[in-house]
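Novice: Fold the following, please.
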Amino acid sequence: MSVGIVKDPLYLEHITDDYHPECPERLSRIYSMLPSIDKTGIVYVAPRMATHEEVAFVHDAQYIERISATRGMASVRLDPDTSASPRTFEAALLAAGGTLSLADSILSGGTECGFALVRPPGHHAERSRAMGFCIFNNIAIAARYLQRSKGLKKVLIVDFDLHHGNGTQHCFYSDPTVLYFSTHQFPYYPGTGWYEETGEGEGKGYTANVPLSYGMNDDDYLFVFREVLVPLADLFKPEMILVSAGFDTHRDDPLGGMSVTEEGYSAMTGVLLDIAKKHCRGMALFALEGGYDLAGLVSSTKAVIMKMKGEPAFDYEGRGNPCRGVVDAVGNIKRVLGPYWGPF
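Specialist: Numbering: from 1, shown residues only. Sure thing, here's the model as predicted:
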């Protein structure tokens with residue numbers, strides 16, 4: 001498969017606090033790894049700045065101006081754990097725009113799928129609030145761009161970051177044209193994402209949260225994907241899949257409590273690509289979110305890209321049955337979504 005990759009040195013110019021986990025080294029280490037992947041089938045997609053109108057698909061105009069006003073300022077505190085540096089606004093526009101550039105490449109057939117290796121991340125960013133290391137919600141902006149500028153009717157967003165994507169959920173909570181599916185450690189930051197959060201109004205049933213307890217492993221995540229995500233996708237029939245790819249569920253992550261390995265991420269990617277092949281000509285776009293153990297982040301990102309290339313570095317071998325907790329979680333989400341989708 002041809003795999004699109006978005007990278008740019010400007011993403012390293014978003015400077016966070018000393019010893020902050022969401023540091024430029026996260027991307028510089030990933031970028032240093034990329035030459036180790038055989039370049040056959042890899043297409044580097046040049047990012048562009050998102051326009052203010054595109055960012056406003058998701059964010060309030062006054063909020064955009066607030067972030068714009070941080071340009072050139074040494075440090076501006078936006079949230080207890082989120083700040084802006086002199087070039088943060090430009091990096092954030094390029095993160096959103098790079099995700100859109102990759103979407104264009106996939107839609108045009110220039111690439112079949114791809115990974116936007118961008119920062120700052122996005123899925124916690126609310127309409128008028130930066131939070132959780134996030135400035136602009138890259139994946140949410142991409143979903144709206146696909147619908148409003150490219151004419152897609154139905155978009156599936158899958159979020160496997162350790163933390164619940166509250167910003168993304170809120171963007172589409174009353175919207176039946178976007179199915180938001182999230183696995184996340186619960187209770188944990190930001191405290192949202194319980195089973196009963198299924199949407200409102202016409203969007204009721206189009207938010208699928210699978211809150212998971214501490215220690216879930218590859219087998220547990222694959223069980224959720226196969227038992228919940230696959231049948232929901234079959235019912236929804238998306239025209240494109242967008243993925244908030246957070247690797248803070250890695251077994252070595254300092255902020256997490258999960259036990260996912262590179263083998264698991266490769267297998268999860270395989271499930272997502274299979275859904276994309278079945279429903280939307282293989283079109284799947286991943287954008288980087290969390291992941292704070294540098295070695296685990298780099299190796300997991302490589303595992304995903306290799307799986308996209310059709311040259312998997314790992315063969316998933318289940319180590320056992322899913323734990324009781326994840327079986328109960330799957331039963332709970334099927335129970336609360338059953339009134340909207342029927343048994344699945």
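Novice: quick one: the longest strand seen in the chain to chain centroid distance?
Specialist: Once the chain is assigned using DSSP state E, the strand that runs over the most residues is strand 178-185. Taking the mean C-alpha point of strand 178-185 and that of its whole chain, the gap between them comes to 10 Å (CA atoms, centre = their mean, to the nearest Å).
Novice: quick one: the very next helix or strand once past it to chain centroid distance?
Specialist: Sequence-wise, the next helix or strand downstream of strand 178-185 (DSSP states H and E) is strand 207-212. Computed by CA atoms, centre = their mean, the separation of strand 207-212 from the middle of its chain amounts to 14 Å.
Novice: what do you get for stretch 214-228?
Specialist: Using CA atoms, centre = their mean, the distance between the centre of stretch 214-228 and that of its chain works out at 17 Å.
Novice: repeat for stretch 191-200
Specialist: The mean C-alpha position of stretch 191-200 is separated from the chain mean by 18 Å, CA atoms, centre = their mean.
Novice: Name the residues that touch that stretch?
Specialist: Outside of stretch 191-200, the residues within contact range by CB atoms under 8 Å, 6 or more residues apart in numbering are 164-166, 169, 173-174, 176, 182, 184, 186, 204-211, 332-333, 335-337, 340. The way it works is simple: take the backbone N, C-alpha and C, and place the C-beta from them, glycine included.
Novice: again, only this time at 6 Å
Specialist: 164, 166, 173-174, 182, 184, 205-207, 209, 211, 332-333, 336 (CB atoms under 6 Å, 6 or more residues apart in numbering).
Novice: Pull out the buried members of those residues.
Specialist: 164, 166, 173, 182, 184, 205-207, 209, 211, 332-333, 336 (16 or more other CB atoms under 10 Å).
Novice: Identify, from those residues, the entry nearest to Gly246.
Specialist: His184 (9.0 Å; CB to CB).
Novice: The residue positioned nearest the centre of the chain: what's it in contact with?
Specialist: Closest to where the C-alpha atoms of the chain average out (CA atoms, centre = their mean) is Ser244, at 0.4 Å. By CB under 6 Å, 6+ apart, the contact list for Ser244 reads His123, Ile139, Asp159, Asp161, Gly165, Glu289.
Novice: circling back to that earlier point, can you tell me which two in the contacts of stretch 191-200 are farthest apart?
Specialist: Once CB to CB is applied, the contacts of stretch 191-200 give Ser174 and Asn332 as the farthest pair, at 22.5 Å.
Novice: residue ranges of the strands in the stretch 51-200 of the chain, please?
Specialist: 76-79, 82-84, 113-116, 155-159, 178-185 (DSSP state E, counting those that start in this stretch).
Novice: and the helix or strand containing Met268, what does it pack onto?
Specialist: Assigned by DSSP H and E, Met268 belongs to helix 262-279. On a contact count with 3 or more CB pairs under 6 Å, 6 or more residues apart in numbering; DSSP states H and E, helix 262-279 meets helix 218-224, strand 284-288, helix 294-309.
Novice: quick check: angle from the longest one to strand 284-288?
Specialist: I take that to be helix 294-309. Helix 294-309 runs at 170 degrees relative to strand 284-288, counting by axes from the mean of the first three to the mean of the last three CA atoms, to 10 degrees.
Novice: Could you check the angle helix 294-309 makes with helix 262-279?
Specialist: 30 degrees.
Novice: Equivalent analysis for the shortest one, please.
Specialist: On the basis of the same axes, to 10 degrees, strand 284-288 is oriented at 140 degrees to helix 262-279.
Novice: Which residues does Ile42 form beta bridges with?
Specialist: Val3 (DSSP bridges).
Novice: Just give the number of residues close to it.
Specialist: 17 (other CB atoms under 10 Å).
Novice: so what pLDDT did it get?
Specialist: The model reports Ile42 with a pLDDT of 98.
Novice: any chance of the helices and strands packed on helix 262-279 in a markdown table, with mean pLDDT and mean neighbour count too?
Specialist: Below are the helices and strands packed on helix 262-279 laid out as a markdown table (pLDDT from 0 to 100; neighbours: other CB atoms under 10 Å):
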| stretch | mean pLDDT | mean neighbour count |
| --- | --- | --- |
| helix 218-224 | 97 | 23 |
| strand 284-288 | 99 | 28 |
| helix 294-309 | 98 | 22 |
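Novice: Mind checking those for the one nearest to Gly325?
Specialist: helix 218-224 (7.8 Å).
Novice: Can you tell me what sits against that closest one?
Specialist: Here helix 218-224 has contacts from Thr183, Val210, Val260, Thr261, Gly264, Ala267, Gly318, Arg319, Gly320, Pro322, Cys323, Val326, using CB under 6 Å, 6+ apart.
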